[in-house]
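In: Predicted model and sequence follow; I will ask about them next.
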Amino acid sequence: MTDVIVTHGVPVPGRPGSASPPNARIASTPSRPATAASFATPYQALGGAAVIEAIIDRFYDLVEHDPSFAELRAMHASDLGPVRRSLARFLTGWCGGPRDWFREDRPGGSCVMSLHRSLAIDPATAGQWIDAMTRAIGGQPDIDESLAALMVERLDMMVRGMINRAVSVDAAAREQAESVA
Ligand code: HEM
């Protein structure tokens with residue numbers, strides 16, 4: 001069966017037009033130090049499943065425990081276990097690794113953007129998401145800086161596309177209260 005590409009993945013820095021092909025092989029040579037461009041996919045350049053899981057664990061640990069992300073935390077279910085797993089599986093496929101999320105979790109080609117349509121996402125919660133993710137990616141030891149920057153840039157584009165409220169409900173209520181006071 002042909003894969004349904006439901007979102008644009010992240011290319012490998014220094015490899016123009018690389019489209020995160022599944023099952024691509026490592027193209028590095030042992031004689032030269034590996035850079036992100038030495039690998040066929042961002043998934044391989046990152047270091048595979050273990051690094052993606054570490055990024056997602058760090059991301060949801062921040063969301064759970066850092067008060068700067070309180071509004072984003074409040075949008076989620078009390079048990080973050082299922083979404084930790086789901087986001088790790090999604091990012092794995094998005095980075096050119098195994099596409100289990102697309103095949104098994106969301107057979108038929110669900111779009112991650114559409115999954116967020118029913119949520120009220122304003123610039124503040126979107127900002128919290130990308131801030132936490134930027135810290136989670138940047139905090140990985142030995143991550144290639146250009147790959148990290150490119151991942152953040154592409155994720156930020158997705159996050160901006162998910163914003164479906166101009167201002168937060170709290171801010172709107174505050175403004176209304178101030179205008180009648
Ligand atoms: C714009 C800011 C975002 C907000 C406020 C947000 C919020 C949420 C919430 C509240 C859930 C449901 C979690 C639960 O039930 O506990 C969720 C699920 C999920 N989000 Fe986001 N999200 C955002 C951006 C993103 C981005 C950019 C991605 C992808 C890179 C993403 C990937 C996912 C995935 C894969 C799930 C699980 C969906 C499933 O398999 O059911 N989210 N998100």
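Out: Perfect, I can see it now. None of these values were measured; they are calculated from a predicted model. Residues are numbered from 1 along each chain as shown.
In: mind listing what the residue nearest to the spatial centre of the chain touches?
Out: By CA atoms, centre = their mean, the mean C-alpha position of the chain lies nearest to Leu155, the distance being 5.5 Å. Applying CB atoms under 8 Å, 6 or more residues apart in numbering to Leu155 gives the contacts Ile130, Met133. In short, each C-beta sits where N, CA and C put it, glycine included.
In: cutoff 6 Å now
Out: Met133 (CB atoms under 6 Å, 6 or more residues apart in numbering).
In: Roughly how far does it sit from Pro67?
Out: Going from Leu155 to Pro67 by CB to CB, to the nearest Å gives 22 Å.
In: Give me every residue in the protein lying close to the ligand.
Out: Counting by CB under 6 Å from any ligand atom, the residues of the chain close to the ligand are 72, 75-77, 83, 86-87, 90, 105, 112, 115-116, 119, 121, 125-126, 129, 155, 158-159, 162.
In: Make sure Val159 is actually in contact with Ala126.
Out: Yes. Taking contacts as CB atoms under 6 Å, Val159 lies within contact range of Ala126: 4.8 Å.
In: Based on its surroundings, how many neighbours for Ala126?
Out: Other residues near Ala126 come to 21 when the count uses other CB atoms under 10 Å.
In: now the chain, which segments are flagged as low pLDDT?
Out: For the chain, the stretches with pLDDT under 70 are 1-8, 14-34, 168-177, 179-181.
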